[in-house]
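Visitor: here is my input; please provide its structure:
(4 chains)
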2 protein chains.
Amino acid sequence: MAVREAPVLVQPEVDACCAPLQATPLEAPEAAELARRFGALSDPVRLRLLSLLATSPDGAVCVCDLVEPVGKSQPTVSHHLKVLRDAGLVTSEKRGTNVWYAAVPAALAGLREALAG
Amino acid sequence: MAVREAPVLVQPEVDACCAPLQATPLEAPEAAELARRFGALSDPVRLRLLSLLATSPDGAVCVCDLVEPVGKSQPTVSHHLKVLRDAGLVTSEKRGTNVWYAAVPAALAGLREALAG
DNA sequence: ACGTAGTATCGACATGCGTCGATGGAATGA
DNA sequence: TCATTCCATCGACGCATGTCGATACTACGT
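Guide: You can find the predicted model right below:
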């Protein structure tokens, strides 16, 4: 928890998954992909982690500073971060022995559009 | 599947669950509630059902017209509709022997706000 | 009263998922 | 070289969830 300098993580490309629910009836493949992404948001621990990243003034947070706030074991936090990363909602970057995570705003925007009216 | 007159369903009150993820770090109770709602969107069948309701020109669809499009058994469709209703994303109304379901746009808007940047 | 059609519920099964302790692996400092 | 710190992976456990067939229930038509 010592003072560290937060790196600025590169934001990955994000592919806009699906058309809005209200546009046209969702087909099976689109629905599966959207469900996978919303599934990443369907756990309270993951939402809190994502919120911690999104509200970080530096834009990135070290894993070591994520474990205590959510009150789960280190392996559990690592697991959830992996789920978020696989869903494209966060990015990570190794910096020495530390790993920094950052939210991907464009990915959140993409999900928002799927819910657009 | 005969021609039926679609009723206009009353839209229920929706309580704005949570502040945006980017506003302030999500606390456990808020996170649990948000996760519950996103969990309702984490299944492809439910997303397709919701999309069918949201794209219906009449604003409401009879259950009997939802079973075939999603390709699941009637009990399974009934189960998913219940999950969506418990999450406040859809409303239902009995009309004779039929039950009509409609999307709740305000609920979708609430989730969109939680993702707002 | 009786049969029929439309939904919801029940019971059961398989699978997925969250959780943790233990372990492995990489990078740093002594 | 060795110990330490940080993070990811593994293995295992219990619980939640998606799915279906069978069944119960309600409203309607005859």
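
Visitor: all contacts plus neighbour counts: C-alpha atoms, from now on.
Guide: Will do.

Visitor: where exactly do the helices run in chain A?
Guide: For chain A, the helices defined by DSSP state H cover A:28-40, A:44-54, A:67-70, A:74-86, A:105-114.

Visitor: got the CA coordinates for the shortest one in CSV?
Guide: Written as CSV, here are the backbone C-alpha positions of helix A:67-70 (Å, rounded to 0.1, in the frame of the first residue of the first chain):
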residue,chain,number,x,y,z
VAL,A,67,-8.3,-6.8,-2.2
GLU,A,68,-9.0,-5.1,1.1
PRO,A,69,-11.8,-2.8,-0.1
VAL,A,70,-14.0,-5.6,-1.4
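
Visitor: out of the helices of chain A, nearest to B:Cys18?
Guide: Of all the helices of chain A, it is helix A:44-54 that lies closest to B:Cys18, at 11.4 Å by C-alpha to C-alpha.

Visitor: quick check: residues of chain A near DNA strand C?
Guide: A:40, A:42-43, A:45, A:72-73, A:75-76, A:79-80, A:95-97 (C-alpha under 7 Å from any atom of the strand).

Visitor: of those residues, buried ones?
Guide: Buried members of the residues of chain A next to DNA strand C, counted by 16 or more other C-alpha atoms under 10 Å in any protein chain shown: A:Ala40, A:Ser42, A:Asp43, A:Val45, A:His80.

Visitor: intersect the residues you listed with the contacts of chain B.
Guide: A:Ser42, A:Asp43, A:Val45 (C-alpha under 8 Å from any C-alpha of the partner chain).

Visitor: the last one touches B:Ala31, doesn't it?
Guide: Yes: using C-alpha atoms under 8 Å, A:Val45 is in contact with B:Ala31, at 7.4 Å.

Visitor: contact residues of chain A facing chain B?
Guide: So chain A meets chain B at A:21-28, A:31-39, A:41-45, A:47-48, A:50-52, A:54-55, A:105, A:108-109, A:111-112, A:115-117 (C-alpha under 8 Å from any C-alpha).

Visitor: ChimeraX command to pick out the buried ones of those?
Guide: ChimeraX command restricting these to the buried ones, with burial defined by 16+ other C-alpha under 10 Å:
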select /A:21,22,25,26,27,31,32,33,34,35,36,37,38,39,41,42,43,44,45,47,48,50,51,52,54,55,105,108,109,111,112,115,116
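
Visitor: and the residue of chain A found nearest DNA strand D, how many neighbours?
Guide: At 3.1 Å from DNA strand D, A:Cys64 is the closest residue in chain A, using C-alpha to the nearest atom of the strand. By the criterion of other C-alpha atoms under 10 Å in any protein chain shown, A:Cys64 has 15 neighbours.

Visitor: what does the pLDDT read for it?
Guide: On the pLDDT scale, A:Cys64 is placed at 98.

Visitor: do the same with A:Ala116
Guide: 85.

Visitor: phi, psi of the closest residue to it other than its chain neighbours?
Guide: Computed as C-alpha to C-alpha, 6 or more residues apart in numbering or on different chains, the closest residue to A:Ala116 that is not its neighbour in sequence is A:Pro20, at 5.8 Å. Backbone torsions of A:Pro20, given as degrees, to the nearest 10, read phi -60, psi 150.

Visitor: understood, closing this out.
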